[in-house]
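Visitor: The following block contains a protein sequence and its predicted model.
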Protein chains: 2
Amino acid sequence: MTGQEEERLARVALNRLAEPGDLRLAALVAELGAVPGHRYLASERGAAGLATDVATRLAGIDPRADLDRAKRRGLRFVIPGDDEWPPSLEDLDRVEPLHLRGGAPLGLWVRGPLSLDALTRSVAVVGSRSATSYGTDLAGDIGAGLARAGWAVVSGAAFGIDQAAHRGALGGEGVTVAVVACGADRVYPAAHRPLLQHLASTAAVVSEAPPGGAPTRLRFLSRNRLIAALTRGTVVVEAAARSGALNTASWADRLSRVLMGVPGPVTSATSEGVHEVIRAGSATLVTGPDDVLELVGGAGDHLAGARRGEERRRDRLTLRQQQVLDAVPLVRSAGADSIARTAGMGATEVGAALDVLARGGFVERSPAGWRLAPEEPSATRSDAPAGLDEATPSPA
Amino acid sequence: MTGQEEERLARVALNRLAEPGDLRLAALVAELGAVPGHRYLASERGAAGLATDVATRLAGIDPRADLDRAKRRGLRFVIPGDDEWPPSLEDLDRVEPLHLRGGAPLGLWVRGPLSLDALTRSVAVVGSRSATSYGTDLAGDIGAGLARAGWAVVSGAAFGIDQAAHRGALGGEGVTVAVVACGADRVYPAAHRPLLQHLASTAAVVSEAPPGGAPTRLRFLSRNRLIAALTRGTVVVEAAARSGALNTASWADRLSRVLMGVPGPVTSATSEGVHEVIRAGSATLVTGPDDVLELVGGAGDHLAGARRGEERRRDRLTLRQQQVLDAVPLVRSAGADSIARTAGMGATEVGAALDVLARGGFVERSPAGWRLAPEEPSATRSDAPAGLDEATPSPA
């Protein structure tokens, strides 16, 4: 068995163990890795030396059989290290959770021929189930415009805006992908069986929930973070106040994706949520596909480049590693136990994180424990004599 | 004759001489003052010692007769130094011109019992003449909501949004003021005679153009800057792309007023201009009077305070004085003639400006001419020993 296959089996097992977006599991895997994390949980023993509840449940999971069964249903489990794994998902490990869900998924269950790396150029189009014809017309226009420009559309599979966005993209002869809250082999809502079957035979239906999983409110919330993370930007077409589409919008915002909103009449309740995010300044107003393409395309490429350029090294750390770093005192050394207490995290995890931080040059080991590594000297100050520039001969 | 009356006569004469928003006249008055400026222009002689065209025209203007005639028609000319003069207009001397118009007005012709200091709490509601019923309904709602909350409404006197805003404010039993492009004693458009007469008998009709003046395109553009400057914020209700309301919006933006826009269906051409300013980030999306009040009231007061706090001394200079200051070399002294050449301005004006700048501590006279005054030492660095704060006993 290759390392990648061992990794896949561990992730399938852990994926069965917990709900999508489970923060503790994401933290464990981010710190220890999936295979050691799985081994750690499987061998956990409680107070009387008995297997814990988690260890018992893990012992009952047969990931190889799960994978075989899924394969027979046309599903594969895509994980980090696979060619088609979208690295954009790992941004989820660098941002704060929302509604107690977060973290990169352990993997994605995929049904359909599309390789997920096609989502490098993709835009999410989301909105209300109870959309007006104004909203569905616009979602269709935007889906079609994106498709014709060679961008993939990502949405849910709900009535209203989701459905209209997929139909528009299909009309524009483009790629459109449904990210669903239930298992990728299930159909919800039932009326969308033809749509989902079409997407599964031509593109992809994607889910974090294990095959056969039912749609739950929690899974919808966890699913929304994937729609935001997989795409370059999110367009909210119609959304009432406190609508689910605004949850996706929040994720797009915290993931520094381009967040866009289509305005409507202020007298329309289904535009209230969109107006709110535009007014708050988190979303940019767009009126059609051209505006969207301008923001995610030209300007987006540019911004993405600029962000990479000024990206602080710290941003490449996971959230948990950042928490450990923040717990190292500013002025003197501290022991790992003391840092763990400050961070409110376990000693094992903190020890592992400190090793990562030391390799990254953030902290260093001292006789008295751990301390912050000295900062690089500032390169902005110049002691060149005044007027030197004027004395430099100019070309020609 | 008091100084203030002499000032008023000089300003009436100069107001007759040039078009509203004339940049050269505004600069002359800002630098020399109205009375010396008037005297200077009236005594100007051309190459052969003959009176210039301007001096000849000034000789034909009888400001006292103008004022008497205006008074008989119920008009007064409000100028700086009058109790009701809105100091907010002077912000116009601190911002760049637009379409070659700009500067604080020499004075305002006012018809009506309202004292202009009532405009301290006012909001401009502007938009298309060819508004939809969606737009006029909203303009009416916003006018009424502002009026009921004790805010004055300022608008033009055009069909569509202007008219609806005034009607809404009157329905809310509040103060509403028309700033017009023609003389304040004229009626344009003719169909708005009842509206303008009602405003003139209960509040005010205001104009920068002399009595009897006809409405021209140039005067509309100049008028727009007054609407923006007189008010705490500007709401654009409906505006097509390249509409006049967007000109008012640009003025509000450069004057750091609160700029707001009401969105509409993206399929409506009369909302295009509004969507544009919201998308560009210059206007905040508002959906009704409550949003407007939140932005100009609570938050507005707060922002105004913050801006005053961090206002750089330089911002208190007129634009021409800033230009002179920018022409003083950074490293050595220069003569006034050399500074005038760099600034592209006349020696007299530059000499006057340098005197003002010296009194303000911006420049100082040196044996070799003028140089920048040394900056105050930074007060941000602290040499207090580390930990002093911790040693301070905390209160009980």
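Guide: Yep, that arrived. Residues are numbered from 1 along each chain as shown, chains lettered A, B, ... in the order given.
Visitor: alpha carbons only for contacts and neighbour counts from here, please
Guide: Noted.
Visitor: So the closest residue in space to A:Gln322 that isn't next to it in sequence versus chain B, what's the distance?
Guide: Nearest residue to A:Gln322, sequence neighbours excluded (CA to CA, 6 or more residues apart in numbering or on different chains): A:Arg314, at 7.2 Å. Distance of A:Arg314 to chain B, given as CA to the nearest CA, to the nearest Å: 27 Å.
Visitor: SS state for the residue in the stretch 101-250 of chain A positioned nearest to chain B?
Guide: Per CA to the nearest CA, A:Tyr134 is where the stretch 101-250 of chain A lies closest to chain B, at 8.3 Å. With DSSP: H, G, I helix; E, B strand; the rest coil as the basis, the three-state label of A:Tyr134 is helix.
Visitor: got it, and A:Val125?
Guide: strand.
Visitor: which residues touch the closest residue to it other than its chain neighbours?
Guide: Distances taken as CA to CA, 6+ apart place A:Val235 nearest to A:Val125, at 4.9 Å, with adjacent residues excluded. For A:Val235, the contacting residues are A:123-126, A:259-262, A:292, by CA atoms under 8 Å, 6 or more residues apart in numbering or on different chains.
Visitor: Against A:Ala30, how distant is the residue nearest to A:Gln322?
Guide: According to CA to CA, to the nearest Å, A:Arg314 stands 16 Å off from A:Ala30.
Visitor: between these two, which one's more packed in?
Guide: Just comparing A:Arg314 and A:Ala30: by other CA atoms under 10 Å in any protein chain shown the higher neighbour count belongs to A:Ala30, 22 against 15.
Visitor: okay but the more buried one is in contact with A:Thr318, surely?
Guide: Yes: with contact defined as CA atoms under 8 Å, A:Ala30 reaches A:Thr318; the gap is 7.3 Å.
Visitor: which residues do the two both contact?
Guide: Counting by CA under 8 Å, 6+ apart, the shared contacts of A:Ala30 and A:Thr318 are A:Asp93.
Visitor: Pull up the gap between A:Gly143 and A:Arg314, please.
Guide: Distance, A:Gly143 to A:Arg314, using CA to CA: 36 Å.
Visitor: Just give the closest residue to A:His38, not the sequence neighbours.
Guide: The nearest residue in space to A:His38 (CA to CA, 6+ apart) is A:Ala10, at 6.0 Å.
Visitor: what about the one you found, which SS state?
Guide: Here A:Ala10 is helix, with the state taken from three-state DSSP.
Visitor: now it: how far from B:Val125?
Guide: Taking CA to CA as the measure, A:Ala10 and B:Val125 are separated by 63 Å.
Visitor: A:Gly107 too?
Guide: As judged by CA to CA, A:Gly107 and B:Val125 stand 53 Å apart.
Visitor: Just want to know which of the two has more residues nearby.
Guide: When A:Gly107 is set against B:Val125 and neighbours are counted by other CA under 10 Å, the residue ahead is B:Val125, at 30 against 23.
Visitor: Now do the buried residues in stretch A:56-70.
Guide: By neighbour count on 16 or more other CA atoms under 10 Å in any protein chain shown, the buried set for stretch A:56-70 is A:56, A:58, A:63-64, A:66-67, A:70.
Visitor: Out of those residues, list just those in helices.
Guide: If you go by DSSP state H, the buried residues of stretch A:56-70 have A:56, A:58, A:63-64, A:66-67, A:70 in helices.
Visitor: Could I get the residues you listed in CSV, plus columns for pLDDT and distance to A:Arg193?
Guide: Formatted as CSV, those follow (pLDDT from 0 to 100; distance: CA to CA, whole Å):
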residue, pLDDT, distance to A:Arg193
A:Thr56, 91, 37
A:Leu58, 93, 33
A:Pro63, 97, 28
A:Arg64, 97, 28
A:Asp66, 96, 24
A:Leu67, 97, 24
A:Ala70, 97, 19
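Visitor: between these, which is closest to chain B?
Guide: Closest approach to chain B among those (CA to the nearest CA): A:Ala70, at 44.6 Å.
Visitor: Surely that closest one touches A:Gly212?
Guide: No: in this structure A:Ala70 lies outside contact range of A:Gly212 using CA under 8 Å: 9.4 Å.
Visitor: Give me the spatial nearest neighbour of A:Gly369, chain neighbours excluded.
Guide: Distance criterion CA to CA, 6+ apart; nearest residue to A:Gly369, sequence neighbours excluded, is A:Gly335 at 4.4 Å.
Visitor: Contact distance from chain B - what residues of chain A qualify?
Guide: A:262-266, A:275, A:278-279, A:281, A:284-287 (CA under 8 Å from any CA of the partner chain).
Visitor: would TSV of those with neighbour count, pLDDT and secondary structure be doable?
Guide: Compiled in TSV, the residues of chain A next to chain B are given as follows (neighbours: other CA atoms under 10 Å in any protein chain shown; pLDDT from 0 to 100; DSSP: H, G, I helix; E, B strand; the rest coil):
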residue	neighbour count	pLDDT	secondary structure
A:Val262	28	98	coil
A:Pro263	31	98	coil
A:Gly264	26	97	coil
A:Pro265	21	97	coil
A:Val266	19	96	coil
A:His275	28	97	helix
A:Ile278	24	97	helix
A:Arg279	22	95	helix
A:Gly281	16	93	coil
A:Thr284	24	97	strand
A:Leu285	30	98	strand
A:Val286	26	97	coil
A:Thr287	23	97	coil
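Visitor: Can you name the two of the residues you listed that sit furthest apart?
Guide: A:Pro265 and A:Gly281 (18.5 Å; CA to CA).
Visitor: about what we covered before: can you tell me the helix or strand for the residue nearest to A:Val125?
Guide: Taking DSSP states H and E as the definition, A:Val235 sits inside strand A:233-236.
Visitor: Quick check: buried residues in that strand?
Guide: By neighbour count on 16+ other CA under 10 Å, the buried set for strand A:233-236 is A:233-236.
Visitor: ditto for stretch A:355-362
Guide: Across stretch A:355-362, burial judged by 16+ other CA under 10 Å covers A:356-358, A:362.
Visitor: CA atoms only for it, dumped as PDB, please.
Guide: Only the C-alpha atoms of stretch A:355-362 are listed here, as PDB (Å, rounded to 0.1, in the frame of the first residue of the first chain):
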ATOM      1  CA  ASP A 355       8.600  22.000  16.500                       C
ATOM      2  CA  VAL A 356       6.900  23.300  13.400                       C
ATOM      3  CA  LEU A 357       7.300  26.900  14.500                       C
ATOM      4  CA  ALA A 358      11.000  26.400  15.300                       C
ATOM      5  CA  ARG A 359      11.600  24.900  11.800                       C
ATOM      6  CA  GLY A 360       9.900  28.000  10.300                       C
ATOM      7  CA  GLY A 361      12.100  30.300  12.300                       C
ATOM      8  CA  PHE A 362       9.300  31.700  14.400                       C
END
